[in-house]
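Student: For reference, the sequence and a predicted model appear below.
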Amino acid sequence: MKRLKKCLSLILAIAVCMSTFFASTTSLEVMAASENEIGNYTDYNNSDDGNVIIFNVDNAQVKVELCTARTLRVQLSLNGNEGYRPEDPQYYMVQKNEWPLVNKTIEDKGDYIQILTDQIEIRVQKNPFRIGMYDLEGNLISKDSDDQGMYWNDLGVRGVKKTEGSTNAGGIFGFGSGDHGRRSNLNRYDQDFSEFSMSHGRVVAPFFMSTVGYGIFLNTIEKDTTFYKHGGGFQTKNYLDYYFMYGPDFKTILNEYAEITGRMELYGKWAHGFMLSKYGNENATQAEFLEWIHRLRDEDYPADCYVFDYGWRGDVADNGGNQTGAGQKWGKQMWNNDKTKFPDIDAMFKEADALGFKVGLHNNAGTPEASGGAELYKPENEARWVKSYMDSVITTGYGDWFWPDEFDVLGSNTAPTFSSKGAYEAWQEYTDQSRPMFITRGSYAGQHYATAWSGDINPTSQELTNQIGFSIDAGLIGYWATSHDLGGFMKRPSDELYTRWVSEFGAWNGIMRTHGHGGREPWTYSETAQETLRENLKIRYALYPYTYSLAWQGYSQGVPIMRAMLLEDGSQYNPDAWDLNEQYYYGDYFLVAPAADTKDTVVSVWLPPKTTWYNYYTGERYEGGENGKTIRVAAELDEIPVFVKAGAIIPMGPEVDYADEKPLDPLTLDIYAKGESSFTLYEDDGQTREYITQNAYTTTTYDCVENGSEIDFKINERVNRNADVYTPVDRSYNLKFNHIESLGNVTINGSDISRVNSLDEYNAASEAYWLDSENNIVYVKTEDTGKEINVKLLEVVQKEPELGEEDESLPPQEINDGDV
């Protein structure tokens, strides 16, 4: 018996070893091959005084390139100038390789070479060779460890074995999500991360940001890539090529990352409206499409887009000219000519256009044109794939955007991106600068060509919660907006889950797209679901000027619409905010904490220190206090906890059925004056790329200063980059000042304006103010001249809302892992 136990133990030990062997290739490689240090510094070369400094060391060469004053690129070569990675079409991630000259000084300090810019100090230690980053006060940010620095082994592994950071460490954020957007926690400080293989809706990037104030992007597509916990080093295969970005704030780092990897361009304004679709071949018909879009209009649901699933596609023609297998999941990328399904495609699109609807189209890695989908970077494969777009949609105009599906499971990290790259480029060339839009299932680093969605998810409360974290996560790796199947995909959600997910949480997403088995038409769900959806769609569409300005922030600054709490209010340095993945900022001024429980419940919400918030639906006030505070807020089935921040300036538009139905007139500014605050409104034509190609856009910045008895509000002069191509319509402003009980008078540019006594008088006036004493709101109307306008509210008596009560009567929400 003892002998048997020993044998079983031996077998078990062997099994464990074999499991480790197959489960961790990277770890095996490091153990199986000796690690080679690159040695000591010998000399450097910066003969042209440019951005590139070449360092020669005993066993290698290291190229340091200054990209900006706060960002550098580091590349390792084991073979002099010939050992760097050659040009490779698979490496699409870096979009910018030419950088303006960075002002710098280089000085030999004895033990190290100092490279100094106006933002950062780089110390290149000589013996052993190490690279260290310091702020301008000489404080350590991060450096290669003295005992374990840059290395390689004979199996192709390259890396920086260990780094040392400042004592402010503790938060590591980035890398992306697991399958279907799932993950355990937001802060990755205590975990190694090596999940860089594409699969099932995974959105990942070899990029992270540290609360010390820096970010690292490893320019690799290798699956055998590992980042060690505590920000302690990283390794990959074949070539070591990484970017170091100094913030110190995360928003600055995200902007630097976007500049390197390519800015995620604006989509058509319509893309931030409500998108509706249904899974399956039988649901892709002209009749159902037209029925849906008319019913959405007739029943007062604002909406912008209908999405056809795979049934829109056809297949190869037989000898009689009939399509065989038409409408099948892997049918050819062409419109189905089955006249029973699509009797008149041209008329169908004209009718949709008249109602203000755009059309999205599904395509799939299994279609004939996608042959070689894992290698779409090869010109012959890309040409075939792009031609299918050209013939069926781009040149005909029969479609407005695509969602390439299932490229994430082809075994290539680059396949999802290349499923959109070629068509994205062709679209720009052939459609008179209209904006292409692609949403890929899963994605690797590089958000320039498409955004992503999280794949085929389940209709459960737990999955709803997962998607909150997915959206936040994606925003920390460069995606200013992502998508997911609102309501879940795998089967029809319950009425209650539809209410929580589509009607509530969906309305506060950067992209609002619902899709799945069993249909997502609102009229097939309960009255509560329908009324809640209608109410929140009205709010979403009123907020279009705000949301579209957030999209501009995403493009121009790299900042997401749905923001992790640590991106605002100094919370990058507050550990209380680091693992909050069930609440988020919607832009600068809203805090959203969706309820996932499918019954009346209570939601816990953390408020940052020294902030004041108002429940956007009920008006109640909540305070973050000196140190931040967690409150408990009741959320009945038809309620979502959303808070607007004191100091907010929210631009809003008129009621519309779809994004471009009406011009932005009047333009309402919803103002919650407190201290000093500002917001910048962005405007363009909402359709073309002329905002890039011709600078055809405008911005208007609003500044508010509140000091108790006086409120100074300034509409700064509109900045119009190219008035010959684009300028906003003539319009009036409605300034809505909240929480005012009484006031003396209002002046505009130093002159008193008339006070009126009713809403009717106010609406009839061209310039006036009105105190709505019942709701404690002052309305001020004036014309938008495009010039600076200074508005003063004098002798103001403010009336803050009552503090909201924390609801202890209900237990905290319970997240259901099963179908609900």
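Tutor: Cool, the structure landed.

Student: Asp192 - how many residues pack around it?
Tutor: For Asp192, the count of nearby residues is 15 (other Cβ atoms under 10 Å). In this view, the C-beta of every residue, glycine as well, is placed from N, C-alpha and C.

Student: nope, Lys378 is what I was after
Tutor: Neighbours of Lys378 (other Cβ under 10 Å): 14.

Student: Thought Arg384 was touching it, still the case?
Tutor: No. The criterion here is Cβ atoms under 8 Å, and Lys378 misses it with Arg384 at 10.0 Å.

Student: got the CA positions of the helix or strand hosting Thr701 in PDB?
Tutor: Per DSSP states H and E, Thr701 falls inside strand 698-706. Coordinates of each C-alpha in strand 698-706 appear next as PDB, following Å, rounded to 0.1, in the frame of the first residue of the first chain:
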ATOM      1  CA  THR A 698     -16.100  74.900 -33.500                       C
ATOM      2  CA  THR A 699     -15.600  75.000 -29.700                       C
ATOM      3  CA  THR A 700     -17.200  77.300 -27.100                       C
ATOM      4  CA  THR A 701     -16.000  77.300 -23.500                       C
ATOM      5  CA  TYR A 702     -18.300  78.300 -20.700                       C
ATOM      6  CA  ASP A 703     -16.900  79.500 -17.300                       C
ATOM      7  CA  CYS A 704     -18.900  79.800 -14.100                       C
ATOM      8  CA  VAL A 705     -17.800  81.500 -10.900                       C
ATOM      9  CA  GLU A 706     -20.100  81.400  -7.900                       C
END
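
Student: Give me the buried positions along that strand.
Tutor: Neighbour counts over strand 698-706 (16 or more other Cβ atoms under 10 Å) mark 698-700, 702-704, 706 as buried.

Student: May I see these organised as TSV, with pLDDT and distance to Asn749 added?
Tutor: Shown next, in TSV, are these (pLDDT from 0 to 100; distance: Cβ to Cβ, whole Å):
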residue	pLDDT	distance to Asn749
Thr698	99	21
Thr699	99	21
Thr700	99	16
Tyr702	99	15
Asp703	99	15
Cys704	99	16
Glu706	98	19
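
Student: Distance to Lys781 added to those residues, as CSV?
Tutor: Output for the buried residues of strand 698-706, formatted as CSV (distance: Cβ to Cβ, whole Å):
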residue, distance to Lys781
Thr698, 21
Thr699, 23
Thr700, 17
Tyr702, 16
Asp703, 19
Cys704, 17
Glu706, 20
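
Student: Which helix or which strand is home to the most centrally placed residue in the chain?
Tutor: Centroid-nearest residue in the chain, with Cα atoms, centre = their mean: Trp480, separated by 2.5 Å. Using DSSP H and E, Trp480 sits in no helix or strand.

Student: quick one: it from Gln687, how far?
Tutor: 19 Å (Cβ to Cβ, to the nearest Å).

Student: and if you look at Lys341?
Tutor: Separation of Lys341 from Gln687 (Cβ to Cβ): 29 Å.

Student: Also Ser392?
Tutor: 21 Å.

Student: now swap in Phe244 and tell me
Tutor: With Cβ to Cβ as the criterion, Phe244 and Gln687 are 38 Å apart.

Student: Trp552 now?
Tutor: Counting by Cβ to Cβ - Trp552 and Gln687 are separated by 15 Å.

Student: ditto for Thr460
Tutor: In terms of Cβ to Cβ, Thr460 sits 38 Å off from Gln687.

Student: In terms of neighbours, single out the busier of the two.
Tutor: The residue with more neighbours, out of Thr460 and Gln687, is Thr460; 23 against 16, by other Cβ under 10 Å.

Student: my guess is that one meets Gly488, correct?
Tutor: Yes. Counting by Cβ under 8 Å, Gly488 is a contact partner of Thr460 at 6.7 Å.

Student: which neighbours do those two share?
Tutor: Leu497 (Cβ atoms under 8 Å, 6 or more residues apart in numbering).

Student: for the chain, which spans come out with low pLDDT?
Tutor: Scanning the chain for pLDDT under 70 picks out 1-33, 166-168, 315-329, 432, 808-811, 816-820.

Student: any idea where the helices of it begin and end?
Tutor: For the chain, the helices defined by DSSP state H cover 2-23, 25-32, 250-261, 286-298, 345-354, 379-389, 415-430, 461-475, 495-498, 527-542, 544-557, 690-693, 759-764.

Student: Val203 is nearest to which of the ones you listed?
Tutor: helix 461-475 (5.4 Å; Cβ to Cβ).

Student: any idea of the angle that closest one forms with helix 250-261?
Tutor: Put simply, helix 461-475 runs at 70 degrees to helix 250-261, going by axes from the mean of the first three to the mean of the last three Cα atoms, to 10 degrees.

Student: So for helix 461-475, what gets flagged as buried?
Tutor: So, applying 16+ other Cβ under 10 Å, buried residues of helix 461-475: 461, 463-475.

Student: same for it, what does it pack against?
Tutor: For helix 461-475, the helices and strands in contact under the criterion 3 or more Cβ pairs under 8 Å, 6 or more residues apart in numbering; DSSP states H and E are strand 562-563, strand 584-586.

Student: Quick check: neighbours of the longest one in the sheet, parallel or antiparallel?
Tutor: Sheet pairing for strand 584-586, assigned by DSSP bridges, gives strand 562-563 (antiparallel), strand 590-592 (antiparallel).

Student: just the CA coordinates of stretch 791-806, formatted as PDB?
Tutor: Presented in PDB, the C-alpha positions along stretch 791-806 are these (Å, rounded to 0.1, in the frame of the first residue of the first chain):
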ATOM      1  CA  VAL A 791     -23.900  87.200 -17.600                       C
ATOM      2  CA  LYS A 792     -24.100  88.200 -13.900                       C
ATOM      3  CA  LEU A 793     -26.700  87.200 -11.400                       C
ATOM      4  CA  LEU A 794     -26.700  89.700  -8.500                       C
ATOM      5  CA  GLU A 795     -28.000  89.700  -4.900                       C
ATOM      6  CA  VAL A 796     -28.500  85.900  -5.200                       C
ATOM      7  CA  VAL A 797     -30.100  83.900  -2.400                       C
ATOM      8  CA  GLN A 798     -29.400  80.200  -3.000                       C
ATOM      9  CA  LYS A 799     -31.400  77.400  -1.700                       C
ATOM     10  CA  GLU A 800     -29.700  74.000  -1.700                       C
ATOM     11  CA  PRO A 801     -31.900  70.900  -1.800                       C
ATOM     12  CA  GLU A 802     -32.400  68.900   1.300                       C
ATOM     13  CA  LEU A 803     -29.800  66.200   2.100                       C
ATOM     14  CA  GLY A 804     -31.000  62.900   0.700                       C
ATOM     15  CA  GLU A 805     -31.700  60.200   3.300                       C
ATOM     16  CA  GLU A 806     -29.700  57.000   3.200                       C
END
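
Student: Tell me how far that stretch lies from the chain's centre.
Tutor: 34 Å (Cα atoms, centre = their mean, to the nearest Å).

Student: quick one: contacts of that stretch?
Tutor: Residues from elsewhere that reach stretch 791-806, judged by Cβ under 8 Å, 6+ apart: 614-615, 618-623, 631-633, 708-715, 735, 737, 739-748, 776, 778, 780, 782.

Student: Buried residues in that stretch, which are they?
Tutor: 791-793, 796, 798, 804.
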